[in-house]
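*Asks:* Below are the sequence and a predicted model; questions follow.
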Amino acid sequence: MLSANQLVLVEARPFTLKQTARALRQHFARHNRRVIFLALATLVAALALWLILYLVCCWLILLALAVVDAAHPQVPRGFGIVFTVAALSAMLYAWVDRRLTPNEIPRDDKRLGEILADFALMIPRMTLAVGGTLAASQRLTTAELRQAAALVHRLVAESRVLISSVPLEIPNSTARMKILFALQITKVIDVRRRDREWWVVLEPRGRQELHLPPSTA
């Protein structure tokens, strides 16, 4: 428990744009470290699955050769090249499929061919997911961090802000979208619909990680 004097010191702690911008920079750095760790873990898992698939294919080839009474069954020399070309082709197909259907909603009534395709493309899609995971990393310039901090201060003061009024804090549309996306994906803010309007609000997790004071509104 904090003493009365300690509580006074916490409440009196300065709450400046510079401090909030620094806290946001550290918050994004923590987020980026988690992104890199997840991407590396996904990459290791994908490589392990590719290796397992390669070994299984080699085992099946040896088994097939043993069935036909081969004197000395061994994996053909060119199989590694064939496997690599097949893997790259599968990844290219998975990439094209994702580009053509970026927001495909999972369906319960899939046909047999679609189920088999999902199974066959599991490892290629996992491999491609590494790049998608890394794309979630966020980096804001010093000026953008100050604008983000100003928006956060406004949310602390007003509790919620109409999304249509955000340009008052961030006039540039490109910077505005970048900042809003960065704050939302890192759970600092959320955008919610209320009273037929879209509002920007602070997330409890973001308030805690940035050590923000309670809203004054």
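*Replies:* Thanks, I have it. Just so it is clear, the structure is predicted and the values come from calculations on it, not from any experiment. Numbers count the residues shown, from 1 in each chain.
*Asks:* my guess is Ala175 meets Gln147, correct?
*Replies:* Yes - Ala175 is within contact range of Gln147, at 6.6 Å (criterion: CB atoms under 8 Å). All C-beta spots, glycine's among them, are computed from the backbone N, C-alpha and C.
*Asks:* Name the residue in these two with the higher neighbour count.
*Replies:* The residue with more neighbours, out of Ala175 and Gln147, is Gln147; 23 against 16, by other CB atoms under 10 Å.
*Asks:* Leu162: neighbouring residues, count only.
*Replies:* 12.
*Asks:* looking at this, Pro214 is in a strand?
*Replies:* No - read with DSSP: H, G, I helix; E, B strand; the rest coil, Pro214 is coil and lies in no strand.
*Asks:* if I look at it, how far off is Arg194?
*Replies:* Distance of Pro214 to Arg194, given as CB to CB, to the nearest Å: 20 Å.
*Asks:* do Trp95 as well
*Replies:* 39 Å.
*Asks:* what about those two, which has more around it?
*Replies:* Counted by other CB under 10 Å, Trp95 and Arg194 do not tie: Trp95 has more neighbours, with 15 against 9.
*Asks:* any idea whether the residue in the chain sticking out farthest from the centre is helix, strand or coil?
*Replies:* Farthest-out residue of the chain from its mean C-alpha position, per CA atoms, centre = their mean: Ala71, at 52.1 Å. Under three-state DSSP, the three-state class of Ala71 is coil.
*Asks:* Repeat that for Cys58.
*Replies:* Cys58 - assigned by three-state DSSP - is helix.
*Asks:* wait, what's in contact with it?
*Replies:* Residues in contact with Cys58 (CB atoms under 8 Å, 6 or more residues apart in numbering) are 75, 79.
*Asks:* Report all helices and strands that the helix or strand containing Arg207 contacts.
*Replies:* Counting by DSSP states H and E, the element that carries Arg207 is helix 204-209. Using 3 or more CB pairs under 8 Å, 6 or more residues apart in numbering; DSSP states H and E, the elements in contact with helix 204-209 are helix 17-67.
*Asks:* Now do the SS call for the residue nearest to the spatial centre of the chain.
*Replies:* By CA atoms, centre = their mean, the chain has its centre lying nearest to Ala136, at 4.1 Å. Secondary structure of Ala136, reduced to three states by three-state DSSP: coil.
*Asks:* Give me the phi and psi for it.
*Replies:* The phi and psi values for Ala136, taken as degrees, to the nearest 10, are phi -80, psi -10.
*Asks:* How much space separates the closest residue to it other than its chain neighbours from Leu202?
*Replies:* Take Ala136 and drop its neighbours on the chain: the residue closest to it by CB to CB, 6 or more residues apart in numbering is Val35, 5.2 Å away. Distance, Val35 to Leu202, using CB to CB: 22 Å.
*Asks:* the more surrounded of the two?
*Replies:* Taking other CB under 10 Å, Val35 and Leu202 do not tie; Leu202 has more neighbours (21 against 18).
*Asks:* Which pLDDT value does the model give the nearest residue to that one once chain neighbours are set aside?
*Replies:* Leaving out its chain neighbours, the residue that sits closest to Leu202 by CB to CB, 6+ apart is Leu155, at 4.8 Å. We have a pLDDT of 90 for Leu155.
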